[in-house]
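Novice: Sequence plus the predicted model coming up.
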Amino acid sequence: MLNRPEARNALDKEMLRDLGDSLAELEKDDHVRVIILSGKHDYCAGADLRQMQGMTPGEAETFARLGHEVMNSIENCPKPVIAAVSGYALGGGCELALACDMRIADESAKFGQPEVSIGLIPGFGGTQRLTRLVGIARAKELILTGRIIGATEAEFIGLVNSIAPDGELMAKTEEIAECIAQKSPAAVGMAKRIINIAGQMEKGMAQEIAAFAECFTSPDSSEGIAAFLEKRKPRFEF
């Protein structure tokens, strides 16, 4: 469980590293057949903008590579990983859910890639995984508008597998996890690996990292992040 509720579980460097370490431990534990990734209160409101403020392009690239490393480890984990999403799953939080094999949401869940609103683009795999999941047209709509959608629309476009009533999210997720856990671990791991091959996207991922870092050469990202942290509307120059 992501446990940084005071920041709506925003992903900073330390949290990403901890998440990667925890995943590695669970991967080696023979008693664990399925991993459920949830958040305390909110799922994850995105990357930590306070830590990102003032980053150089080089620092932004390093941060994006760390995010990609963790998301890739989730996607390539031989054990199924299910995202149990309540509340906000925005930006890096949405990308965290996208890296999982399935996404179960409660009725309160909100999804979005609002990075363009602060002069950035998704930097943890969102341009590629969202496109693979919902198609090019839907991905462009969500990423280019930065629109935040509810659980019902997310299920309709294929971003979410199913919706649980509020208060029943973990029960629903555990029910699915238990179903998978009863199957052959070797077959499940192999099936996941082969399915992933159908969507290889290394080139697009590399270009996303480079483009995310390039965003930090523009005054738009500085203004966008500052405006968000100061709770005001950004003033982008044309």
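Specialist: It's in.
Novice: Look up how far Leu26 lies from Pro57.
Specialist: Distance from Pro57 to Leu26, counting by C-beta to C-beta, to the nearest Å: 34 Å. Every C-beta, even on glycine, is put in place using the N, C-alpha and C of the backbone.
Novice: now do Ala45
Specialist: Distance of Ala45 to Leu26, computed by C-beta to C-beta: 24 Å.
Novice: Centre of the chain to stretch 132-142, how far?
Specialist: Relative to its parent chain, stretch 132-142 has a centroid offset of 15 Å by C-alpha atoms, centre = their mean, to the nearest Å.
Novice: what about Ala45 and Leu26, which has more around it?
Specialist: Ala45 (23 against 15; other C-beta atoms under 10 Å).
Novice: gap between the residue nearest to that one when sequence neighbours are not counted and Ile163?
Specialist: Excluding its sequence neighbours, the residue lying closest to Ala45 (C-beta to C-beta, 6 or more residues apart in numbering) is Arg8, at 3.6 Å. To Ile163, Arg8 is 21 Å away according to C-beta to C-beta.
Novice: contact partners of the longest helix belonging to the chain?
Specialist: Scanning the chain for the helix with the most residues, using DSSP state H, yields helix 57-76. Residues outside helix 57-76 that contact it (C-beta atoms under 8 Å, 6 or more residues apart in numbering): 11, 13, 16-17, 19-20, 23-24, 37, 47, 52, 55, 81, 92, 95-96, 98-101, 123-125, 129, 193, 196, 205, 208-210, 212-217.
Novice: 6 Å instead, please
Specialist: With C-beta atoms under 6 Å, 6 or more residues apart in numbering as the test, helix 57-76 has contacts from 16, 19-20, 23, 81, 99, 123-125, 209, 212-213, 216-217.
Novice: Looking at these, which is nearest Ile176?
Specialist: Ranking those by separation from Ile176, with C-beta to C-beta as the measure, puts Val81 on top at 11.9 Å.
Novice: which ones are touching the residue nearest to Gly93 when sequence neighbours are not counted?
Specialist: Spatial nearest neighbour of Gly93, chain neighbours left out: Cys44 (2.9 Å); criterion: C-beta to C-beta, 6+ apart. For Cys44, the contacting residues are 2, 9, 93, 96, by C-beta under 6 Å, 6+ apart.
Novice: got the residues you listed as JSON lines, with pLDDT, secondary structure and distance to Gln182 columns?
Specialist: Converted to JSON lines, the contacts of Cys44 look like this (pLDDT from 0 to 100; DSSP: H, G, I helix; E, B strand; the rest coil; distance: C-beta to C-beta, whole Å):
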{"residue": "Leu2", "pLDDT": "91", "secondary structure": "strand", "distance to Gln182": "27"}
{"residue": "Asn9", "pLDDT": "92", "secondary structure": "coil", "distance to Gln182": "30"}
{"residue": "Gly93", "pLDDT": "97", "secondary structure": "helix", "distance to Gln182": "30"}
{"residue": "Leu96", "pLDDT": "98", "secondary structure": "helix", "distance to Gln182": "27"}
